[in-house]
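S.K.: I would like the atomic coordinates for the input below:
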Amino acid sequence: MRLTILGCYAATPRTFTNPTSQVLDIQNHMFLIDCGEGTQVQLRKYKIKFSRINHIFISHLHGDHFFGLPGLISTFRLLGREKELHIYGPKGIKEAITLFLRLGDSWTNYPLIFHELEEKGQHLLFEDDKVCVKTIPLDHRVYTNGFLFQEKEAPRTLNVEAAKSFGIDKSQFNNIKKGMDGLDKNGNTIPNKKLTFDPDPPKSYAFCSDTVYRETVVPFIKDVDVLYHESTFLDSESHLCEKTKHSTAKQAAQIAKMAHAKQLILGHYSTRYKSIELFGKEAMEVFQNVELADDGKTFQF
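M.R.: Predicted structure coming up:
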């Protein structure tokens, strides 16, 4: 998995910071997660191919998370896109986007498919033979979901040297790759596990942006490899959290600790603070493996 942060600051864009948007490159999929204003400029800046984006996941309908979407959809049209584009987001997103297209008489020349969400529990959004994407119910001022991206366990791979050492004929190799046991020249069964390599453990990534602190999220992200969690405020402004339905860096760390996440990435910083390093320092009082998102930063895991 490779995660590229296009924007990770709260509220309004500035000349040197961008609102929420990120790209997750996983198992030959390039998923766009949220699409704040300026997203397509950031995609160009960091040389991410527009043509690889076929699925866009929008957490909620606050402007700093989806105002970049109408422009990106229009740019796809101008670039001559023909492939389907799937957009997953709260109910109302289709009405909002199609209003822009109708008023500008600029309908797409490619299939634009909306998957509108209103379920309050966890819901499977996308699945193929390598990866699945599920919602993570969050608690914000409007209906909001996070997203859980999970790799599926890869098939075992043939250990040619082991097969040769057991005297397995090459004619059996394809069946062994499919999970069958082997037979040596004496007819003895050789278990598949002795003839193949263990696959790498499947990885998972949870995106939790714009939510007040709620421990109810923990079961949905249990044992996740990497957790991105909003940290709009520092603890000194924790009194603002319930009103605005946001979290502090320390609260994000508490969620990561309870979920047994392997790594925590902080983001969605309020621009009232002079340095994002303060968020990391505060979170590490609770949870040690903390990284700070920043525009243009990439994470490989």
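S.K.: any idea how far residue 73 is from residue 53?
M.R.: 11 Å (Cβ to Cβ, to the nearest Å). All C-beta spots, glycine's among them, are computed from the backbone N, C-alpha and C.
S.K.: same thing with residue 184?
M.R.: Distance from residue 184 to residue 73, by Cβ to Cβ: 59 Å.
S.K.: Pick out whichever of these two has more residues nearby.
M.R.: Neighbour totals were compared for residue 184 and residue 73, and residue 73 leads with 23 against 15 (other Cβ atoms under 10 Å).
S.K.: Identify each of the helices in the chain and give its residue range.
M.R.: 39-45, 63-66, 69-78, 93-103, 160-165, 173-177, 241-244, 249-259, 277-283 (DSSP state H).
S.K.: and residue 196, which of those helices is closest to it?
M.R.: With Cβ to Cβ as the measure, helix 173-177 is the member of the helices of the chain nearest residue 196 (6.7 Å).
S.K.: picking that back up, tabulate the helices of the chain (CSV), appending distance to residue 206.
M.R.: Converted to CSV, the helices of the chain look like this (distance: least, Cβ to Cβ, whole Å):
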stretch, distance to residue 206
helix 39-45, 21
helix 63-66, 17
helix 69-78, 22
helix 93-103, 21
helix 160-165, 37
helix 173-177, 32
helix 241-244, 20
helix 249-259, 8
helix 277-283, 16
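S.K.: most tightly surrounded among those helices?
M.R.: helix 249-259 (a mean of 24; mean count of other Cβ atoms under 10 Å).
S.K.: so what's residue 23 bridging to?
M.R.: residue 4, residue 32 (DSSP bridges).
S.K.: Check whether it really touches residue 31, as I assumed.
M.R.: Yes. Shown here, residue 23 and residue 31 form a contact pair, counting by Cβ atoms under 8 Å, at 7.0 Å.
S.K.: can you tell me the average pLDDT over stretch 93-106?
M.R.: Across stretch 93-106, pLDDT averages out at 96.
S.K.: C-alpha coordinates for that stretch, PDB please?
M.R.: Taking C-alpha atoms only, stretch 93-106 is exported to PDB below (Å, rounded to 0.1, in the frame of the first residue of the first chain):
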ATOM      1  CA  ILE A  93     -24.100  13.800  -3.400                       C
ATOM      2  CA  LYS A  94     -25.700  12.800  -6.700                       C
ATOM      3  CA  GLU A  95     -28.100  15.800  -6.500                       C
ATOM      4  CA  ALA A  96     -25.200  18.200  -5.700                       C
ATOM      5  CA  ILE A  97     -22.900  17.100  -8.500                       C
ATOM      6  CA  THR A  98     -25.600  16.700 -11.200                       C
ATOM      7  CA  LEU A  99     -26.800  20.200 -10.400                       C
ATOM      8  CA  PHE A 100     -23.400  21.600 -11.400                       C
ATOM      9  CA  LEU A 101     -23.400  19.500 -14.500                       C
ATOM     10  CA  ARG A 102     -26.900  20.500 -15.500                       C
ATOM     11  CA  LEU A 103     -26.500  24.200 -14.900                       C
ATOM     12  CA  GLY A 104     -23.300  24.200 -17.000                       C
ATOM     13  CA  ASP A 105     -24.700  21.900 -19.600                       C
ATOM     14  CA  SER A 106     -21.600  19.800 -19.200                       C
END
